[in-house]
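Novice: After the sequence you'll find the predicted model.
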Amino acid sequence: MQRWVRGWRLRLLDAGMLVYPAVTAAAVVQHSSKALAGCLVVAAFAVGYLLAAAAAARRAVRPFWLLVGGCAVLFVAAIPFAHADAFFLAAVVLSLAVPRLPRRAGIALVAVSALAAVAGPWPGGPGWTQAVALVFTVLVVTVFAEAIGPTPRSSRPAPRWRGWPPRPNAPGSRGTCTTCSATR
């Protein structure tokens, strides 16, 4: 793994996602007459996100998914306060979840969320900005997650066929010797 994707640099990238709750909190203050309640929901979301990111770094699967589920509930709770701008929170939730879900499920979740951001009856009109931000944020985070290391895509292990992948030093294998690079 590259040095720039370990330790404090990775935590800095995780913290960068807090821009989305900040934008959502600003929208709550702008759109809602109950700004205090909306800001508390967004603050709880931000704390949940940080805890979920920490659980992901520790590879604590159960706490991670519980926290992601909590963040999803808080996203839904923020919709009446922030309207279409709440979908910035969906970008954060999906950025956590999609790299760990089966690919088709992740694509479906992103598509449905982006469609909801655009098609919802929002006072300010369709949430095109939120939908585009959601799609590209999840795409970039997913590509980054795949680049830095293996992320389990589901709880089921990948199928394993007999003799595949080949083990180089297995009896009867015709692989390359790892010690001297000679072909057996």
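Specialist: Happy to help now that I have it.
Novice: what's downstream of the helix or strand bottoming out on mean pLDDT in the chain, the next helix or strand?
Specialist: In the chain, no helix or strand scores lower on mean pLDDT, DSSP states H and E than helix 8-16, which sits at a mean of 76. Proceeding N to C from helix 8-16, the next assigned helix or strand is helix 19-31, under DSSP states H and E.
Novice: Tell me which residues of that following helix come out buried.
Specialist: If you call a residue buried by 16 or more other C-beta atoms under 10 Å, then helix 19-31 has these buried ones: 20-21, 23-25, 27-28, 31. Any C-beta I mention is one placed from the backbone N, CA and C, and that applies to glycine too.
Novice: of all those, which comes closest to Ala44?
Specialist: Lowest distance from Ala44 to the buried residues of helix 19-31 (C-beta to C-beta) belongs to Pro21, with 9.7 Å.
Novice: Low-confidence regions, this protein specifically.
Specialist: For the chain, residues meeting the criterion pLDDT under 70 lie at 1-10, 149-184.
Novice: Longest helix of it, counting residues only.
Specialist: For the chain, the longest helix by residue count, based on DSSP state H, is helix 35-58.
Novice: how close does the spatially closest residue to Val138 that is not a sequence neighbour get to Pro80?
Specialist: Counting by C-beta to C-beta, 6 or more residues apart in numbering, Val138 lies nearest to Leu94, which is 4.8 Å off, once chain neighbours are set aside. Counting by C-beta to C-beta, to the nearest Å, the separation of Leu94 from Pro80 is 20 Å.
Novice: For those two, indicate the residue with more neighbours.
Specialist: Leu94 (26 against 15; other C-beta atoms under 10 Å).
Novice: Are there helices or strands packed against the helix or strand where that one lies, and which ones?
Specialist: Leu94 belongs to helix 87-97 when assigned by DSSP H and E. With contacts taken as 3 or more C-beta pairs under 8 Å, 6 or more residues apart in numbering; DSSP states H and E, helix 87-97 sits against helix 19-31, helix 35-58, helix 61-82, helix 103-119, helix 128-148.
Novice: Which one of those helices lies nearest to Arg11?
Specialist: The nearest among the helices and strands packed on helix 87-97, by C-beta to C-beta, is helix 35-58 at 7.9 Å.
Novice: ok so, going back, redo the helices and strands packed on helix 87-97 as TSV? Include distance to Ala90.
Specialist: Converted to TSV, the helices and strands packed on helix 87-97 look like this (distance: least, C-beta to C-beta, whole Å):
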stretch	distance to Ala90
helix 19-31	9
helix 35-58	11
helix 61-82	5
helix 103-119	5
helix 128-148	6
